[in-house]
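*Asks:* Sharing a model that was predicted from the sequence below.
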Amino acid sequence: MIILVTGAGGPAGQAVVRRFTGQGHTVIGVDKSGAEGSLTVDLLDADAVGRLAADVAAEHGRVDGIAHLVGGWRGSKTFAETSLDDWAVLHDLLIRTLQHVTLAFEPLLKASERGRFAIVSAKAAERPTQGNAAYGTAKAAAEAWTLAFADALEGTAATANILVVKALVHEGMREASPERAFPGFTDVDEVAEAIDDLWRTDANGTRIDLTTRTNEGGKAT
């Protein structure tokens, strides 16, 4: 399969790249930072994303999976302290990059015999706390966009779904804070497994809650 991983330089992106590369698939990692093994593409540049899609189309003719893992968090202690500068950052990271990728790659995903698209969202989109006003709103908007994308894929072999977590954890975090339990957190390897599982279902436009799959230490059960 041809798998596109955006945000490939982050812990979740690295986990997804490892999983699908290990299975022998062709993985195209994209990260603005130019992480090792990834293409340096600014996903806020619609023209750049369009060129990336054209390059993938020319070489492969399709994309079988897209894991859109561009993330970020900004917050405050109280609602009154919410910074609209933080909102602007989160809008770009969580919404605008998603819009550019889905609009550019829709035809390539539809060209697959079994295309799969996924984002990782957060419980904060369902019930945001006052300090998470900007973050929760951005996540909710990203979910709405993904559900609209899923509707556009109805009647095709492709699907788009949302993976929901409380927060993510990886080995680096555990090593840095060995005394911390990370209750309810989802391990990045569990995210990679959940994305892989999407090829075992025809579900489209669903919210898959990964918090029910982890134990108190953020390890898959």
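*Replies:* The structure has been received and is ready for your questions. Numbering: from 1, shown residues only.

*Asks:* what residue of the protein is the furthest out?
*Replies:* A80 (29.3 Å; Cα atoms, centre = their mean).

*Asks:* residue contacts, that residue?
*Replies:* Not one residue lies near A80 by Cβ atoms under 8 Å, 6 or more residues apart in numbering. Where C-beta positions appear, they are placed from N, C-alpha and C, glycine not excepted.

*Asks:* This protein: strands as residue ranges?
*Replies:* 2-6, 26-30, 65-68, 116-122, 159-165, 168-169, 186-187, 207-209 (DSSP state E).

*Asks:* looking at the ones you listed, which has the lowest confidence?
*Replies:* Ranked by mean pLDDT, those end with strand 168-169 at the bottom, a mean of 88.

*Asks:* strands paired with it, and their directions?
*Replies:* Strand 168-169 pairs in its sheet with strand 186-187 (parallel), by DSSP bridges.

*Asks:* How about residues contacting the helix ranked longest in the chain?
*Replies:* Looking across the chain with DSSP state H, the single longest helix is helix 133-153. With Cβ under 8 Å, 6+ apart as the contact definition, helix 133-153 has outside contacts at 73-76, 79, 82-84, 86-87, 90-91, 93-95, 98-99, 102, 106, 109-110, 115, 117, 119, 121-122, 124-125, 127-129, 159-162, 204-205, 207.

*Asks:* Return the members of these classed as buried.
*Replies:* 73-76, 82, 86-87, 90-91, 93-95, 98-99, 102, 106, 109-110, 115, 117, 119, 121-122, 124-125, 128, 159-162, 204-205 (16 or more other Cβ atoms under 10 Å).
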